[in-house]
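A.B. asks: Based on what follows, work out the 3D shape:
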Amino acid sequence: DWQKLDDQFTALIKCDVSGHGSPAAFIMVEVATLFLRWCRQWKARLTSLRGADRAAERARALLDLRRLDSLVYTINDMIVDRGFTGLFAAFMICLSDVQSGEVIACNAGDNMLFWHDEQKRSMVSRSIDPRSPAAGAFPSDMVKGGSGFPQVTQRLERGDVLVLVTD
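C.D. replies: I've put the predicted structure just below:
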């Protein structure tokens, strides 16, 4: 899924839930719901920043808006709390800044970021910490004590295309 947040930012998610049937479908619906709720809250927080008096306060809040790991931990907690034994979700969440070309990506068990490099005329990839587990595999406290859910920033040049694929 993807959501245009404003004229500058777009949020994207790709997700692959393990298993089949109702339990896997419930997880996918809840992941999508949490993503959409996060997008709505992101928009509301951005709107409230417009009234911020101090530049430092605004800058700190903008940095916080660029953090995706809080959403990833929320999704992880939801899957763990449901108690679906053996089910997990491997996904990547991206925040694309169309003005700067930056793509911020945070993953849970889906550690490859792909894009088509227009200048090279080929696909390019970047590995994000492969130790990051899929969401639902471990409680968030265990994940935080290990690799966490890492976030990286990748700059795309004009004409480059972010590619999100799953089976």
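A.B. asks: tell me how far stretch 85-92 is from the chain's mean position?
C.D. replies: Stretch 85-92 sits 14 Å away from the centroid of its parent chain (Cα atoms, centre = their mean, to the nearest Å).
A.B. asks: Need the CA coordinates for that stretch. CSV is fine.
C.D. replies: In CSV, the C-alpha atoms belonging to stretch 85-92 read as follows (Å, rounded to 0.1, in the frame of the first residue of the first chain):
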residue,chain,number,x,y,z
THR,A,85,2.0,-19.5,16.8
GLY,A,86,4.4,-19.6,13.9
LEU,A,87,3.0,-16.6,12.0
PHE,A,88,5.0,-13.6,11.3
ALA,A,89,5.1,-10.7,8.8
ALA,A,90,8.2,-9.7,6.8
PHE,A,91,7.9,-6.2,5.5
MET,A,92,9.5,-2.9,4.7
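A.B. asks: Now do the buried residues in it.
C.D. replies: For stretch 85-92, burial by neighbour count (16 or more other Cβ atoms under 10 Å) applies to L87, F88, A89, A90, F91, M92. Using the backbone N, CA and C atoms, a C-beta is placed for each residue, glycine as well.
A.B. asks: Show me the beta-bridge partners of E102.
C.D. replies: Taking DSSP bridges, one finds R155 as the beta-bridge partners of E102.
A.B. asks: Check the buried residues of stretch 85-92 against P139 and report the nearest one.
C.D. replies: P139 lies nearest to F88 out of the buried residues of stretch 85-92, by Cβ to Cβ, at 12.5 Å.
A.B. asks: mind checking how far the closest one is from L49?
C.D. replies: Computed as Cβ to Cβ, to the nearest Å, the F88 to L49 distance reads 35 Å.
A.B. asks: G136 now?
C.D. replies: Relative to L49, G136 is positioned 33 Å away (Cβ to Cβ).
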